[in-house]
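> only geometry, no sequence info:
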């Protein structure tokens, strides 16, 4: 059951809506809210969706909503991030959509710089670099950069679009794109994805995005905790994601289908395999490999499409595709895992 917030009687709608799903996030929530509400761009609203929290999260959100009229709170029974995000989108009043995870920290100029980039380049989506930080120590793990170009056009470089990180929290997307999405319109009736839900939603935007602009400054701190936050991806999870991608693909123009196929490969073929290499048995992994090879050949055959750009991510994609084709991707992932553990770094 969803309890809608009482919206303030403002004379004009905000320009940007930030969606903040949260469940049992009391330990980091205050810091995240402080950062969001301290953005240098003021014409914004933050829609926090409390997804059935059992800790102090609801009380924190309600208190902060009284203190700042830009914060709106929705309390709902636990339904998962997918449902929480779609609930937030349905309530949004802004012309642009952004997102945040409740255990991360957006930099003060995140919204203003993304919006300036989008408007300056007549883009429907803006993306910035971000920092990966150790959740326990706060130490910098890596800076994840965006492509070196100023802009990217998905119809000219669908593979390049597919290689942009699939999270929503370092992006600003025009609401016309969001509301035109097959996923948001609810045209697809499938089980909700438990993992990779950001990627499925982003994939559904590609048909309606003519230009993506980039901000090369890292403006978002993403906290990672491999030992505590690793969620085991099952074959059933992957199958659900594959079904959604097939539905999105069916509504995608032919010239952009390579984008969906490469996204399927990167997430079902690479990311899922990396997850399973750390969390499941060898028998399950080899069973998954048989399944995913068949799925890629049958449903996402353009995953080998050439890229227009030559960014570092594209080079890694080419290597991963070749390793996948000669059945060496899993050994390569395991070697990288050993290197990461020995060096205490993230080599990807």
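Received, thanks. Owing to the predicted nature of the structure, the values given are computational and were not obtained by experimental measurement.

> three-state assignment of residue 19?
strand (DSSP: H, G, I helix; E, B strand; the rest coil).

> For residue 61, see how far away the closest residue to residue 134 other than its chain neighbours is.
Ranked by Cβ to Cβ, 6 or more residues apart in numbering and with sequence neighbours excluded, the top spatial neighbour of residue 134 is residue 141, at 5.7 Å. The way it works is simple: take the backbone N, C-alpha and C, and place the C-beta from them, glycine included. From residue 141 across to residue 61, the span is 29 Å (Cβ to Cβ, to the nearest Å).

> Of these two, give the one with the bigger neighbour count.
It is residue 61, of residue 141 and residue 61, that has more neighbours when counted by other Cβ atoms under 10 Å, with 27 against 18.

> ok, now which ones touch that one?
22, 29, 48, 50, 71, 73 (Cβ atoms under 8 Å, 6 or more residues apart in numbering).

> out of these, who's nearest residue 113?
residue 71 (21.8 Å; Cβ to Cβ).

> surely the closest one meets residue 60?
No - when contacts are counted by Cβ atoms under 8 Å, residue 71 is not listed as touching residue 60 (10.7 Å).

> follow-up on the earlier one: let's have the contacts of residue 61 in CSV, adding neighbour count and pLDDT.
Listed next are the contacts of residue 61 as CSV, based on neighbours: other Cβ atoms under 10 Å; pLDDT from 0 to 100:
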residue, neighbour count, pLDDT
22, 26, 97
29, 23, 97
48, 32, 98
50, 27, 98
71, 22, 98
73, 24, 98
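
> which among those gets closest to residue 163?
Taking Cβ to Cβ as the measure, residue 163 lies nearest residue 22 of the contacts of residue 61, at 29.1 Å.

> Residue 63 versus the closest one, what's the distance?
Going from residue 22 to residue 63 by Cβ to Cβ gives 14 Å.

> same question, residue 277
43 Å.

> who's more crowded, those two?
Applying other Cβ under 10 Å to residue 277 and residue 63 shows that residue 277 carries more neighbours, namely 17 against 13.

> show me where pLDDT drops low in the chain?
1-11, 187-190, 226-231, 337-348 (pLDDT under 70).

> now the strands for it?
Here the chain has its strands, by DSSP state E, at 2-3, 16-22, 44-51, 71-76, 96-99, 105-106, 125-134, 140-144, 151-152, 171-174, 212-224.

> Make JSON lines out of these and add distance to residue 112.
Output for the strands of the chain, formatted as JSON lines (distance: least, Cβ to Cβ, whole Å):
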{"stretch": "strand 2-3", "distance to residue 112": "31"}
{"stretch": "strand 16-22", "distance to residue 112": "9"}
{"stretch": "strand 44-51", "distance to residue 112": "10"}
{"stretch": "strand 71-76", "distance to residue 112": "18"}
{"stretch": "strand 96-99", "distance to residue 112": "11"}
{"stretch": "strand 105-106", "distance to residue 112": "11"}
{"stretch": "strand 125-134", "distance to residue 112": "11"}
{"stretch": "strand 140-144", "distance to residue 112": "20"}
{"stretch": "strand 151-152", "distance to residue 112": "19"}
{"stretch": "strand 171-174", "distance to residue 112": "10"}
{"stretch": "strand 212-224", "distance to residue 112": "10"}
